[in-house]
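1. Structure, please.
(one chain, ligands or ions: 2)
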Amino acid sequence: MERLLVPGGGRTYPVLVGTGLLDELGAILAREGISGRMAVFADEAVYALFGERMRKALPEASFATVPAGEAAKTIREAERLWGILAEGGFGRRDVAISVGGGATSDLVGFVAATYHRGMPVVHVPTTLLSQVDASVGGKTAIDHPLAKNLVGAFHAPHLVVADLDTLGTLPARERWCGLAEVVKAALIADADLVALLEERLEALAQGEAVLLEPVVARAIRIKAEVVAADEFDHGRRQVLNFGHTLGHALETATGFDRLRHGEAVVLGMRAAVHLSRRLGRLDSKEAERVLALLTRFPLPDVVLPSPEAVLCASRRDKKGAGAFVTIGPIGEARVEVVEDALLFDALETLYEGAANR
Ligand SMILES: NC(=O)c1ccc[n+]([C@@H]2O[C@H](COP(=O)([O-])OP(=O)(O)OC[C@H]3O[C@@H](n4cnc5c(N)ncnc54)[C@H](O)[C@@H]3O)[C@@H](O)[C@H]2O)c1
Ligand SMILES: [Zn+2]
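-> Ligands and ions are numbered 1, 2, ... in the order given. This is a model prediction of the structure:
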């Protein structure tokens, strides 16, 4: 097991990465000094898989489920959870525990941030994406009909328990999406991790815990370091958006139902590599190397919207305000202002090379 200490919320919190952690949850919480009454909120699909084991591990805790995936991130669900906490007599020193993917940790984190102006939250992420990304860093949010993640709060967890065994039941497509964020982390900050991913990408996508443990831990360390430098997202944290400006725009322009977030980010990273080469940040050899890695990701057969439509969506996106993340050399990133014309060219180059246009 790896135990990382992540700064956030004016303290540091442990992130545990390993196997067999779910069944040890009660002992882990005690060992980490987390006490108080526990209210567990689990993604209903995840609860069906692991609920019984979790009840055994946390016999005193109260349990409730939330809708699977993104459907949980609504004000209605938040209100329902505030109600469960209030009816159960939970106070601000008690503990909310999220079990599920990033959607669950975003909702439960938001509820914990606001209930009694803030109660401790522990995340038990069960998707690769939430283990390496969503559960670490303290951002929480629910969606609004006008925009995803529109309403939220910064609320660092007290503990994150990432049990790699839970990834065994995750659909392969979801594991690839998590790997996209791992590749992103490597490309912006860790050239050695890029090399490791080049060697083992497909094997990692199989979800084998022994292979994943060091990789997940390194990706978390990268996110933690970036967040530590800029917890409240004033500048440096933007490098985590590598591949996301155009990725988000592609998600929006395809209506959020044809491309998973990670798949859109893979395409966004490919376009960002073209742009990084064009700006002279990456030399051609490096660019080809990164593109070779990114084209190993399986993508659904989707007709991609025109560059015009993507740029239009990007302008509406709050993350698209002129700031763009480029990489180069591999393992280093910067945020720079990039004109739309260059984004347009990068999309065209992406489409020329894309088999799935
Ligand atoms: N707060 C942040 O910093 C941050 C960062 C990245 C993403 N996010 C948010 O995270 C969300 C995406 O998270 P996600 O990719 O984890 O998806 P998700 O939470 O929507 O889960 C995806 C699907 O996997 C299922 N699932 C979860 N664990 C499983 C398991 N072990 N076995 C089988 N099925 C399982 C869920 O039921 C769901 O249907 C988005 O809402 C995004 O906005 C937040
Ligand atoms: Zn992402």
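
2. Quick one: name the residues of the stretch 101-250 of the chain near ligand 1.
-> Neighbours of ligand 1 within the stretch 101-250 of the chain, by C-beta under 6 Å from any ligand atom: 101-104, 106, 126-127, 129-130, 133-134, 137, 139, 149, 166, 169-170, 174, 177. For every residue, glycine as well, the C-beta is placed using N, CA and C.

3. ok, then the element right after the worst-scoring helix or strand of the chain on mean pLDDT?
-> The helix or strand of the chain with the poorest confidence is helix 307-316; it has a mean of 90 (mean pLDDT, DSSP states H and E). Per DSSP states H and E, the first helix or strand lying C-terminal to helix 307-316 is strand 323-327.

4. Against which helices or strands is that following strand packed?
-> Of the remaining helices and strands, those touching strand 323-327 by 3 or more C-beta pairs under 8 Å, 6 or more residues apart in numbering; DSSP states H and E are helix 172-189, helix 244-253, helix 261-278, strand 333-337.

5. helices or strands next to the longest helix belonging to the chain in the packing?
-> Ranked by residue count, the top helix of the chain under DSSP state H comes out as helix 209-229. When contacts are defined as 3+ C-beta pairs under 8 Å, 6+ apart, helix 209-229 packs onto strand 2-8, strand 11-18, helix 172-189, helix 191-205.

6. now the angle from the helix or strand containing Val111 to helix 261-278?
-> Assigned by DSSP H and E, Val111 belongs to helix 102-114. Here the directions of helix 102-114 and helix 261-278 differ by 90 degrees (axes from the mean of the first three to the mean of the last three C-alpha atoms, to 10 degrees).

7. report the angle between the axes of helix 102-114 and helix 172-189?
-> 70 degrees.

8. my guess is His261 contacts Gly247, does it?
-> Yes - contact criterion C-beta atoms under 8 Å: His261 and Gly247 qualify, at 7.4 Å.

9. quick one, which of those two is more surrounded?
-> Using other C-beta atoms under 10 Å as the criterion, His261 and Gly247 rank with Gly247 on top: 29 against 22.

10. My guess is that one contacts Arg260. True?
-> No - contact between Gly247 and Arg260 fails when scored by C-beta under 8 Å: they sit 10.6 Å apart.

11. before we move on, back to that, name the residues of the least confident helix or strand of the chain that are buried.
-> Buried positions in helix 307-316, judged by neighbour count with 16 or more other C-beta atoms under 10 Å: Pro307, Ala309, Val310, Leu311, Ala313, Ser314.

12. And this structure, what are its domain boundaries?
-> Annotated domains of the chain cover 2-169, 172-353 [automatic domain parsing].

13. Would you single out the least confident of the ones you listed?
-> Of all the domains of the chain, the minimum mean pLDDT falls on domain 172-353 (a mean of 94).

14. can you give me the end-to-end distance of that one?
-> End-to-end span of domain 172-353 (C-alpha to C-alpha, to the nearest Å): 25 Å.

15. One more: stretch 160-172?
-> Length of stretch 160-172, first residue to last, C-alpha to C-alpha: 23 Å.

16. now swap in stretch 250-266 and tell me
-> With C-alpha to C-alpha applied, stretch 250-266 spans 11 Å between its terminal residues.

17. which residues sit against it?
-> Contacting residues not belonging to stretch 250-266 are listed as 129, 148, 173-174, 176-181, 183-184, 243-244, 247-248, 267-268, 294, 297, 299-300, 302, 304-305, 309-310, 312-313, 316-317 [C-beta atoms under 8 Å, 6 or more residues apart in numbering].

18. Cys177 and Leu128 touch, don't they?
-> Yes - counting by C-beta under 8 Å, Cys177 does reach Leu128; the two are 7.5 Å apart.

19. Looking only at neighbour counts, state which of those two leads.
-> Between Cys177 and Leu128, Leu128 has the larger neighbour count (other C-beta under 10 Å), namely 31 against 24.

20. list the contacts for that one?
-> Residues in contact with Leu128 (C-beta under 8 Å, 6+ apart) are Leu167, Leu170, Glu174, Arg175, Cys177, Gly178, Leu179, Glu181, Val182, Gly207, Leu212, Val216.

21. count of neighbours near the second one?
-> Residues lying near Leu170 (other C-beta under 10 Å) number 19.

22. Leaving out the residues flanking it, which one is nearest to it?
-> Thr127 (6.0 Å; C-beta to C-beta, 6 or more residues apart in numbering).

23. Please report phi then psi for that neighbour.
-> Here is the backbone geometry of Thr127 (degrees, to the nearest 10): phi -120, psi 160.

24. isn't it right next to Gly178, touching?
-> Yes - counting by C-beta under 8 Å, Gly178 is a contact partner of Thr127 at 6.1 Å.

25. List buried residues within the contacts of stretch 250-266.
-> Buried among those (16+ other C-beta under 10 Å): 129, 148, 174, 176-181, 183-184, 243-244, 247-248, 267-268, 294, 297, 299, 302, 304-305, 309-310, 313, 317.

26. related to what we said a few turns ago, show me what the least confident helix or strand of the chain is packed up against.
-> Helix 307-316 makes packing contacts with helix 244-253, helix 340-353 when contacts are defined by 3+ C-beta pairs under 8 Å, 6+ apart.

27. starting at the chain centroid, how far to the shortest one?
-> Same thing as helix 244-253. 15 Å (C-alpha atoms, centre = their mean, to the nearest Å).
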